[in-house]
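Trainee: Pasted the sequence and its predicted model underneath.
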Amino acid sequence: MAVTLNGTAASSSAGAATTSLAVTMPSGATNGELLVVAFSNAGPTVSIVPPGAAGYWTQLAQSQDGFGTVDTGVFVRTVDGTEGASQTFSFASSEAVAVAFRLGGVSATAPVNAVSAAGTATSGSLTAITCPSVAATVDGAMVLRIASSVQVTSFTNPGSHTAIGSTVVNAGASSADPGVAAAYQTQTSQGATGTAAFVSGAGSSDRPWVAYTIVIAPAAPTITTQPVSTAQYAGLTATFNIAATTSGGALSYQWKVNGSNVGTNSTSYTTAALTPSDNGSIVTCVVTDSNGSITSSAAILTVLPTSSSSWIKA
């Protein structure tokens, strides 16, 4: 399953001299779904504090432009659950905006690759906000582009990307009004993804900005039952079992003994009749779906020197 955008992004904004922002959550969030919040504020260096218990939201990145006027934080929810209508993020006194959106087809705890680029001061009525390139190596990954700027009135999304959402604070027409925009494209084949640029609308003549490219890959299979080390007598067979779950179609299984392929595409592997030379063999299984592969922990095969039948007295 590819990563998908579910529903419409929700946007939030606050006026000047605030210390928190109640970020509107997208409706319909379900257990296990990934939520992303792209957050921008205009003001001094800040620490954006997410809501909830420690570890509930993880900050992927935070950056400030060279003039100390834009901070951008990108957060993902890394604990399964459902959210209320809004979640309050706290920060130093300044204006702030945020865009929150839902992703499907990927676990909330799946690895995320974030690449950032700090922007510089620009001038003119239109400003190109260039997000950096990144190598997306997983088919079906989602390449997210997020840009923020001050002194901006609107955003035009990259032509090759689908808009997720954007919002701009214009309270009092302050020259420090921040804006944030997000867009995405689905990576349909492995390889590098080039740069892409948002264009900010007219504002003041100098607009510092920052931009990010974030790759979110579909979750690889999850092993729920690992193979267990086994002791068996010579002349008999030994069986190893595995169980896994997937979010990306059918699972396949490749068993290995000491790194060499054995067995069939099955959740279990049974050896041939054991010999003393099999003692200490390392058994693993590689589980694969359309999103990737995962290797099990190693199970050790111990071969006992004699069959249990030799212990039976006449």
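Mentor: Yes, it's here.
Trainee: Could you pull up the contacting residues of the closest residue to Thr130 other than its chain neighbours?
Mentor: In space, and not counting its chain neighbours, Thr130 is closest to Ala197: 4.4 Å by C-beta to C-beta, 6 or more residues apart in numbering. Every residue, glycine included, has its C-beta placed from N, CA and C. Ala197 makes contact with Ala128, Ile129, Thr130, Cys131, Pro158, according to C-beta atoms under 8 Å, 6 or more residues apart in numbering.
Trainee: So Ala197 versus Ala147, what's the distance?
Mentor: Distance, Ala197 to Ala147, by C-beta to C-beta, to the nearest Å: 8 Å.
Trainee: can you check Ala183 too?
Mentor: Applying C-beta to C-beta, the value for Ala183 to Ala147 is 9 Å.
Trainee: And the two? Which one has more around it.
Mentor: Neighbour count, other C-beta atoms under 10 Å: between Ala183 and Ala147, Ala147 has more, with 33 against 24.
Trainee: so the more buried one is in which element?
Mentor: If you go by DSSP states H and E, Ala147 is part of strand 142-150.
Trainee: quick one on the thing from earlier: going through the contacts of Ala197, which ones are buried?
Mentor: Applying 16 or more other C-beta atoms under 10 Å to the contacts of Ala197, the neighbour count classes Ile129, Thr130, Cys131, Pro158 as buried.
Trainee: So which elements touch the strand holding Ala147?
Mentor: strand 34-42, strand 70-77, strand 127-131, strand 178-186, strand 196-200, strand 209-216 (3 or more C-beta pairs under 8 Å, 6 or more residues apart in numbering; DSSP states H and E).
Trainee: sorry, back to before: closest to Gly55 among the contacts of Ala197?
Mentor: Cys131 (27.8 Å; C-beta to C-beta).
Trainee: Now do the domain split for this protein, please.
Mentor: Per automatic domain parsing, the structural domains of the chain span 4-216, 222-311.
Trainee: Just name the most buried of the ones you listed.
Mentor: Comparing the domains of the chain by mean neighbour count (mean count of other C-beta atoms under 10 Å), domain 4-216 comes out on top with a mean of 19.
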